[in-house]
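Enquirer: Turn this into a model:
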Amino acid sequence: MVDRILPSPMGLNAEFYEFCARGELRLQRCAKCATWRHPPRHRCAVCGALEATWEPASGRGRVYSWTVTHDAIDPAFKPPYAVVVVETDEGPRLVGGLRGINPSELRIDMPITVELERVSDTIGLLWFRPAQP
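Expert: Sure, this is the predicted structure:
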């Protein structure tokens, strides 16, 4: 197994990755106006409130965009592989790798589910798979 490059999360991002490491997809939600947000931040972009909670997200969404990489930066990835932007059912967009299909099969608006991969006590990574019909 090849070692892979891992994120070095700090602040609110560290909280997001810790939830993922526990197998929980949680996103911030404004305590004042209930707007979902990602990436995590200190203020709501809609109402400016500081208060937020970490709410469970469904793990469902649709392909918004993607790119296919043919020259890997990280030796743990064998090209070609896709990095996918998924618009979640809650609204925020998440970025992660693709599993379960060839990148050539991706389509805009394809239903997707999130898969979380625990790599340590503090880091879980996002992957996406086509949703089962």
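
Enquirer: Point out where this structure drops to low pLDDT.
Expert: 1-2 (pLDDT under 70).

Enquirer: Closest to the centroid, which residue in it?
Expert: Using Cα atoms, centre = their mean, the residue of the chain that lies closest to the mean C-alpha position is L94, 3.9 Å off.

Enquirer: got a list of what that residue touches?
Expert: 38, 61, 85-86, 88, 114, 126 (Cβ atoms under 8 Å, 6 or more residues apart in numbering). Any C-beta I mention is one placed from the backbone N, CA and C, and that applies to glycine too.

Enquirer: cool, L6 as well?
Expert: 119-120, 123, 125.

Enquirer: Mind checking what secondary structure N13 has?
Expert: What DSSP: H, G, I helix; E, B strand; the rest coil gives for N13 is helix.

Enquirer: Switch the contacts of L94 over to CSV; also include neighbour count, secondary structure and distance to R107.
Expert: Below are the contacts of L94 laid out as CSV (neighbours: other Cβ atoms under 10 Å; DSSP: H, G, I helix; E, B strand; the rest coil; distance: Cβ to Cβ, whole Å):
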residue, neighbour count, secondary structure, distance to R107
H38, 17, coil, 23
G61, 25, strand, 14
V85, 15, strand, 13
V86, 26, strand, 13
T88, 21, strand, 17
V114, 19, strand, 18
L126, 19, strand, 20
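
Enquirer: Out of those, which is nearest to D3?
Expert: L126 (19.3 Å; Cβ to Cβ).

Enquirer: what about the residue lying closest to that closest one once chain neighbours are set aside, neighbour count?
Expert: When the adjacent residues along the chain are set aside, L126 lies closest to G96, with 3.4 Å between them (Cβ to Cβ, 6 or more residues apart in numbering). Neighbourhood size, G96 [other Cβ atoms under 10 Å]: 19.
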